[in-house]
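# below are the sequence and a predicted model for it; my questions follow.
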Amino acid sequence: MARQDLASLIRNIPDFPIPGIQFKDITTLIGNGPAFSEVIDRLHERYRDQQIDAVVGIESRGFIFSAPLAYRLGVGLVPIRKPGKLPAATYQIEYQLEYGTNKLEIHRDAFQPGARVLVIDDLLATGGTIAAACDLIGMAGGQVAELAFVIELTFLNGRERLRNHNIFSLIQF
Ligand code: AMP
């Protein structure tokens, strides 16, 4: 399946969740079996020989892609979650959103020291979420090998904010 065909399966919802946002709805992509397989296959192809020790997924849409990718790579999956969800000792980070702040957590013992970690999320917008995730991974002793996204909104320049990391995206708008 061509990259263009994958892009055409992402549904654009204007003014969701607030006026002015063009929401990229992935349910139409993951609801298509061949397309979902293609996404995971392409990511697997890119990372299979990169000595990745763990895949990190960010709650909640990040879990949709991180779980099958970790399975294909044969490595563990480490969840980064909203506060109060992870049961053991955690590190927590608070970060700025466009309006207000948000918090994320990771288990303190999530990684072997120096583990090479692949972080995956559904979409790169401003990069605030993934930057916070990278800070958490550092606190827990992991090393970020690359940041992977199914979708990148290039006009928001998230890459600029994340310029000390390798970044890969499958589909760009
Ligand atoms: P950011 O921190 O600005 O990079 O935003 C990243 C998170 O917000 C992503 O994990 C997305 O799930 C969500 N998000 C931001 N903008 C959009 C959008 N236009 N469509 C769908 N999801 C979005």
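Sure thing, it's come through.
# which stretches of this structure form helices?
Ranges of helices within the chain are 3-8, 27-30, 33-47, 61-73, 128-139, 158-161, based on DSSP state H.
# show the contacting residues for the residue positioned nearest the centre of the chain.
With distances taken as Cα atoms, centre = their mean, D121 lies nearest the centre of the chain, 1.4 Å away. Contacts for D121 (Cβ atoms under 8 Å, 6 or more residues apart in numbering) come out as G57, I58, R61, G62, F65, T129, I130, A133, L147, A148, F149. (C-beta placed from N, C-alpha, C; glycine too.)
# so it bridges to which residues?
F149 (DSSP bridges).
# from D49, how far off is it?
22 Å (Cβ to Cβ, to the nearest Å).
# again, but for E105
Separation of E105 from D49 (Cβ to Cβ) stands at 31 Å.
# which of these two has more neighbours?
Between E105 and D49, counting by other Cβ atoms under 10 Å, E105 is the more crowded of the two (20 against 7).
# can you give me the pLDDT of that one?
On pLDDT, E105 comes in at 98.
# I'd assumed K85 was in contact with it.
Yes. Assessed by Cβ atoms under 8 Å, E105 is found in contact with K85 at 7.3 Å.
# up against the ligand, what does the chain have?
Taking Cβ under 6 Å from any ligand atom, the part of the chain that reaches the ligand is made up of 21-24, 61, 121-129, 158.
# only whichever of those residues are buried, select them in ChimeraX.
Buried residues among the residues of the chain next to the ligand (16 or more other Cβ atoms under 10 Å), as a ChimeraX selection:
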select :24,61,121,122,123,124,125,126,127,128,129,158
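# which one of the residues of the chain next to the ligand is nearest to I13?
Ranked by distance to I13 (Cβ to Cβ), the residues of the chain next to the ligand are led by F23 at 4.3 Å.
# ok, the closest one - contacts?
By Cβ under 8 Å, 6+ apart, the neighbours of F23 are N12, I13, P14, F16, P17.
# partners of it in the sheet?
F23 has these beta-bridge partners by DSSP bridges: I13.
# try I80
I58.
# just give the number of residues close to it.
30.
# next one: L86
20.
# my guess is it contacts D109, does it?
No. Between L86 and D109 there is no contact under Cβ under 8 Å: 10.9 Å.
# report the contact partners of the residue of the chain lying at maximal distance from its centre.
Distance to the chain centre peaks in the chain at P19, reaching 24.6 Å (criterion: Cα atoms, centre = their mean). For P19, the contact set (Cβ under 8 Å, 6+ apart) is empty.
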